[in-house]
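**Student:** please work out how this folds:
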Amino acid sequence: MSEPPPRGAERDIFRDTWVRYLGYANEVGEAFRSLVPAAVVWLSYGVSSSYVLADAIDKGKKAGDVRSPEAGRSTRVTVAVVDTFVWQALASVAIPGFTINRVCAASLYILGTATRWPLSIRKWTTTALGLLVIPVIIHPIDRSVDFLLDSSLRKLYPSVEKPSSS
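**Tutor:** Below is the predicted model:
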């Protein structure tokens, strides 16, 4: 989880509390894909996507409450919502979900060809590996998405303070 907010700073429920872990639900779903019905995996994506949408709306509301002579209220709100939504969709849902899916699929395939373990053992091993990879991939993906957005979408924003997405 992120560092605690500075003293006197407003606590961000989507970044500074347990709610942040809802953004990782799809990664857990992908890790368990070989053991649970597909509907459970899709439900995990629903939880993560709801988190992304709620965080984007929250950042838009906060941007609308800020008084600033630099840019109009609607511009600040739009930038905050778009930046947060795109960042979270990539860093919390799409890229990690794909990564865990491929790690688990590859490990299940490799265990199937390299071992004589029963299928249930291979599936549980794949799930454990998928869960263990989640904390390893989070920060590199976050930094990569920061770089991607800094190099593309964020160049399009007007001269307002850039939202802090991570």
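
**Student:** going forward, measure contacts and count neighbours with C-alpha atoms only.
**Tutor:** Noted.

**Student:** contact partners of stretch 108-125?
**Tutor:** 34-35, 126 (C-alpha atoms under 8 Å, 6 or more residues apart in numbering).

**Student:** name the residues of the longest helix anywhere in the chain that are buried.
**Tutor:** Longest helix of the chain, by residue count under DSSP state H: helix 119-151. Judged by neighbour count using 16 or more other C-alpha atoms under 10 Å, the buried positions of helix 119-151 are 122-127, 129-131, 133-134, 141-142, 145-146, 149.

**Student:** now that helix: average pLDDT?
**Tutor:** Average pLDDT, helix 119-151: 96.

**Student:** what ranges in this structure fall below the confidence cut-off?
**Tutor:** Scanning the chain for pLDDT under 70 picks out 1-9, 69-71, 158-166.

**Student:** do that again at 50, thanks
**Tutor:** 1-2 (pLDDT under 50).

**Student:** that one: helices as residue ranges?
**Tutor:** Using DSSP H, helices in the chain cover 25-31, 38-65, 73-88, 95-114, 119-151.
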